[in-house]
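Peer 1: Please work out how this folds:
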Amino acid sequence: MDATRADQQPLPGQLRPSGTDGIDQIQADIAAALRSTIVLPPYDEVLRLIDTLKGHLGPLIEQAEEHVQEHRPGEVAWYREHAQIDNAQFQLRAGPGDGLVSAARRLQSLARSVQQMLRQIHHEQGA
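Peer 2: Got it, this is the predicted structure:
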């Protein structure tokens, strides 16, 4: 960012100079913020993906539980793996929520949980 541009831009939370130019900029910033939207997939697609990921997660949890028995309670790996399994079991039981946004968030959490289980199993198999 060049010096002249930096001098003109206020820091976050700092007001711009008063006058028409300042108000125009504020309105332009508001319009830009309202224009930006997050595109979510259709609700039916989100629900289908949730069901699909839950179908993957159940067997992954079983495999992870078999691997965690190879460690002794008290070992760092045992605690870490148990925490990941507990989280995965929670994700498996949780519903989609009340609407599209909550279902999309649940889908993302579920996907991260499946990803963690895959990493845990592949890490154990590679070790």
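
Peer 1: Pull out the buried positions in the host helix or strand of E65.
Peer 2: Element membership of E65, judged by DSSP states H and E, is helix 43-68. For helix 43-68, a neighbour-count test (16 or more other C-beta atoms under 10 Å) marks 46, 49-50, 53-54, 57, 60-61, 64, 67-68 as buried. (Glycine included, C-beta is placed from N, CA and C.)

Peer 1: export the residues you listed to JSON lines and tack on pLDDT and distance to A83?
Peer 2: Converted to JSON lines, those look like this (pLDDT from 0 to 100; distance: C-beta to C-beta, whole Å):
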{"residue": "V46", "pLDDT": "91", "distance to A83": "27"}
{"residue": "L49", "pLDDT": "93", "distance to A83": "25"}
{"residue": "I50", "pLDDT": "92", "distance to A83": "22"}
{"residue": "L53", "pLDDT": "92", "distance to A83": "20"}
{"residue": "K54", "pLDDT": "90", "distance to A83": "20"}
{"residue": "L57", "pLDDT": "89", "distance to A83": "16"}
{"residue": "L60", "pLDDT": "88", "distance to A83": "15"}
{"residue": "I61", "pLDDT": "91", "distance to A83": "13"}
{"residue": "A64", "pLDDT": "86", "distance to A83": "11"}
{"residue": "H67", "pLDDT": "77", "distance to A83": "14"}
{"residue": "V68", "pLDDT": "75", "distance to A83": "10"}
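
Peer 1: A32: which element?
Peer 2: helix 20-35.

Peer 1: ditto for L107
Peer 2: Using DSSP H and E, L107 sits in helix 100-126.

Peer 1: Wait, V101 touches L40, no?
Peer 2: Yes: between V101 and L40 there is a contact under C-beta atoms under 8 Å: 7.1 Å.

Peer 1: before we move on, back to that, so what touches the helix or strand immediately after the helix holding E65 in the chain?
Peer 2: Counting by DSSP H and E, the element after helix 43-68 in chain order, helix or strand, is helix 76-93. Helix 76-93 is contacted by residues 54, 57-58, 60-61, 64-65, 67-68, 71-72, 106, 109-110, 113-114, 116-117, 120 when judged by C-beta atoms under 8 Å, 6 or more residues apart in numbering.
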